[in-house]
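Visitor: Provide a 3D model corresponding to the input given below.
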Amino acid sequence: MPASLATAAHPAAASVGCLSCHQAIQHDEHHFFACTRCHGGNGAEQKNQELAHQGLISQPAHPDHMQAACASCHEKQVAAASLSRHFSLDNKINTIRAHFGAKQKLTHPADIPTADSATAINTALALSDDMLRRLCLRCHVYSKGDEYSAVRRGSGCAACHLSFAHGKMVAHTFRLPVDQQCLSCHYGNYVGSDYYGRYEHDLPFEYRTPYTAETETGLPARPYGVEYHDLVADVHQERGLVCRDCHQGFVHGQAKSIGCKSCHNWLPTKPAPALANVDIHDKQLVLTGVHSGKKHLVPLMRDPAHQQYGQRVDCQVCHAQWSYNDTTTHVLLSYNPDYDPWLWLTVQGSFEVEKRLEDGLFSYAAEEEPAMRDGLTGISKPGMWYKGHTERRWERMLIGQDARGILRVLRPVLDLHLSMVDDQGEPLFDNLRGAGDGLKPYTPHTTGPAGLFYRDRLQGLSAP
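Guide: Presented below is the predicted three-dimensional model:
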């Protein structure tokens, strides 16, 4: 470990310069050591900020630095996290790239090719790569999230283990993640947000209903970037379960192979499911909330329909109360500084795009050329990505068979149309589409009773 990161005998003495400015910072009991151990810099310098910040690492938990900082104590956890999908993003990246023609898989986000100029984007795959880096991967652990208050957080390890509120860190206390951390990435119309019954409004102003009254200081804040409808939440959320009650090992180890049937189709002759918080008591399965400590008796599958359809139908086909169904998603990379066409579509779910549009439309300052940061490096480049949807619906659930012949809830997540215009507004690519219909099986986190008409959802089931 570099000398600048060495542990001091007494953290307050070694960090006297740091604490003279950062007086509100409090170390938790597990990290009670000098600030410089993780952040570098000169902790003794009190008068000259430039000298104090020489060699400073502002985000030691970032993927670029966590090996040197976090892994010095948490070697196994950092090694496991580095290989997890939360860090590699390989599923999302390779699914989208294959949809637009990629033949080989990537193992790391940094491997996504970059385009230095508009002329370098000359294929559908190159356009999708730029979309990935600048539009899709803005909110993952390589950045500190967007500027909206509920999604601003730390990067790397700190994305899950430090507490933020209203866009600012509230404590330098590292803790186990709660749902607030999960939702700082899994917001908008993505799995996670649906667990709380949230469905993002349509983007155009006139469709973001119900209308929200304007206050003296303007329209109320949008903590997740776009207002959302409050639909019915998942029954597990209503019972007090949090994400980590079921999702274990996703970052710091091998993810447990757990599904609905792991618990709800359990029999007393079987061992308990592979969840740390599930045990057998008096021949009954009991889940203990990882945060609440509350005991939950797990109800078991007893309806005859489970025996009839259970091997051919995914649970959520009958039990999902609603699903995300955004068709079609249109995305446009524009180098054109004319912002007027976007007057009624300034809300884009991206603070950077929204700010550039508002400045270009309503500011008396000279219009700036469209530009947008790379979500992985933070480096801004010419060109800006806009998005819109043909329609956004939740009540019409799409159901079909997956590759195994199992009836699943589908989502048009790859129903993407990519376009690109140059600085004069001339189209270079127009409505590029990938292979297939863009439908992919997914698991809505909107579980509830099957209801009276669940059999109507089984129309796509082939005859036995």
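Visitor: For residue 426, give me its contacts.
Guide: Residue 426 is in contact with no residue at all, counting by Cβ atoms under 8 Å, 6 or more residues apart in numbering. Any C-beta I mention is one placed from the backbone N, CA and C, and that applies to glycine too.
Visitor: Give me the pLDDT for it.
Guide: pLDDT for residue 426: 96.
Visitor: Equivalent analysis for residue 10, please.
Guide: For residue 10, pLDDT reads 50.
Visitor: in which helix or strand would I find residue 328?
Guide: Using DSSP states H and E, residue 328 sits within strand 325-334.
Visitor: Tell me how many other residues surround the nearest residue to residue 53 once chain neighbours are set aside.
Guide: Spatial nearest neighbour of residue 53, excluding adjacent residues (Cβ to Cβ, 6 or more residues apart in numbering): residue 41 at 5.5 Å. By the other Cβ atoms under 10 Å criterion, the neighbourhood of residue 41 contains 21 residues.
Visitor: shouldn't residue 41 be in contact with residue 51?
Guide: No: the criterion here is Cβ atoms under 8 Å, and residue 41 misses it with residue 51 at 9.1 Å.
Visitor: all strands of the stretch 251-400 of the chain, in order?
Guide: 278-281, 284-288, 295-297, 325-334, 371-373, 380-382, 384-393, 398-401 (DSSP state E, counting those that start in this stretch).
Visitor: among those strands, which is nearest residue 171?
Guide: Taking Cβ to Cβ, strand 284-288 is the member of these nearest to residue 171, at 26.2 Å.
Visitor: how about the residue nearest to the spatial centre of the chain, what does it touch?
Guide: Closest residue to the average C-alpha location of the chain: residue 185 at 2.7 Å, with Cα atoms, centre = their mean. Residue 185 makes contact with 139, 140, 141, 145, 151, 159, 192 under the criterion Cβ under 8 Å, 6+ apart.
Visitor: SS state for the residue nearest to residue 53?
Guide: Put simply, residue 41 is coil when judged by DSSP: H, G, I helix; E, B strand; the rest coil.
Visitor: Begin at 21 from now on, thanks
Guide: New numbering, starting at 21: the last item is residue 61.
Visitor: Which phi and psi values does it adopt?
Guide: phi 80, psi -170 (degrees, to the nearest 10).
Visitor: Please parse this protein into its domains.
Guide: What automatic domain parsing lists as the domains of the chain is 23-101, 255-338, 339-478.
Visitor: Between those, which one is closest to residue 146.
Guide: Using Cβ to Cβ, these put domain 339-478 closest to residue 146, at 9.8 Å.
Visitor: buried ones in stretch 177-184?
Guide: 177, 178, 179, 180, 181, 182, 183, 184 (16 or more other Cβ atoms under 10 Å).
Visitor: per-residue confidence averaged over that stretch?
Guide: 93.
Visitor: Which of the domains of the chain has the lowest mean pLDDT?
Guide: domain 23-101 (a mean of 84).
Visitor: Leaving out sequence neighbours, find the closest residue to residue 369.
Guide: Residue 369's closest residue in space is residue 245 (Cβ to Cβ, 6+ apart), at 4.4 Å.
Visitor: cool, and residue 148?
Guide: Per Cβ to Cβ, 6+ apart, closest to residue 148 is residue 120, 4.1 Å.
Visitor: right, and the one you found touches residue 458 too?
Guide: No: here residue 120 does not reach residue 458: they are 11.3 Å apart, not a contact under Cβ under 8 Å.
Visitor: who's more crowded, the two?
Guide: When residue 120 and residue 458 are compared for neighbours, residue 120 comes out ahead with 22 against 19, by other Cβ under 10 Å.
Visitor: quick one, phi psi at that one?
Guide: phi -110, psi 20.
Visitor: coming back round to it: can you list the strands of the stretch 271-420 of the chain in JSON lines and add distance to residue 82?
Guide: Listed next are the strands of the stretch 271-420 of the chain as JSON lines, based on distance: least, Cβ to Cβ, whole Å:
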{"stretch": "strand 298-301", "distance to residue 82": "34"}
{"stretch": "strand 304-308", "distance to residue 82": "34"}
{"stretch": "strand 315-317", "distance to residue 82": "37"}
{"stretch": "strand 345-354", "distance to residue 82": "27"}
{"stretch": "strand 391-393", "distance to residue 82": "15"}
{"stretch": "strand 400-402", "distance to residue 82": "18"}
{"stretch": "strand 404-413", "distance to residue 82": "24"}
{"stretch": "strand 418-421", "distance to residue 82": "38"}
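Visitor: Of those strands, which is nearest residue 433?
Guide: Proximity to residue 433 (Cβ to Cβ) singles out strand 345-354 among those, at 8.3 Å.
Visitor: Does the closest one pack against any helices or strands, and if so which?
Guide: helix 144-151, strand 404-413, strand 436-441 (3 or more Cβ pairs under 8 Å, 6 or more residues apart in numbering; DSSP states H and E).
Visitor: shaky segments in the stretch 121-270 of the chain?
Guide: The model of the stretch 121-270 of the chain has pLDDT under 70 over residues 229-239.
Visitor: Please repeat the previous calculation with a cut-off of 90.
Guide: 136-137, 157-160, 185-188, 190-191, 225-242, 268-270 (pLDDT under 90).
Visitor: pull the longest helix from this protein.
Guide: helix 371-382 (DSSP state H).
Visitor: Go through it and flag the buried ones.
Guide: 371, 372, 373, 374, 376, 377, 380.
Visitor: angle of that helix against strand 404-413?
Guide: 100 degrees (axes from the mean of the first three to the mean of the last three Cα atoms, to 10 degrees).
Visitor: tell me what helix 371-382 is packed against?
Guide: With contacts taken as 3+ Cβ pairs under 8 Å, 6+ apart, helix 371-382 sits against strand 391-393, strand 404-413.
Visitor: Mind putting those strands into TSV with mean neighbour count and distance to residue 278?
Guide: Formatted as TSV, these follow (neighbours: other Cβ atoms under 10 Å; distance: least, Cβ to Cβ, whole Å):
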stretch	mean neighbour count	distance to residue 278
strand 391-393	18	37
strand 404-413	18	30
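Visitor: Tabulate these (TSV), appending distance to residue 322.
Guide: Listed next are those as TSV, based on distance: least, Cβ to Cβ, whole Å:
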stretch	distance to residue 322
strand 391-393	53
strand 404-413	33
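Visitor: Just the terminal-to-terminal distance for stretch 244-259.
Guide: 24 Å (Cα to Cα, to the nearest Å).
Visitor: An error on my part: the question was meant for stretch 455-462.
Guide: 19 Å.
Visitor: Going by neighbour count, which residues of it are buried?
Guide: By neighbour count on 16+ other Cβ under 10 Å, the buried set for stretch 455-462 is 458, 459, 460, 461, 462.
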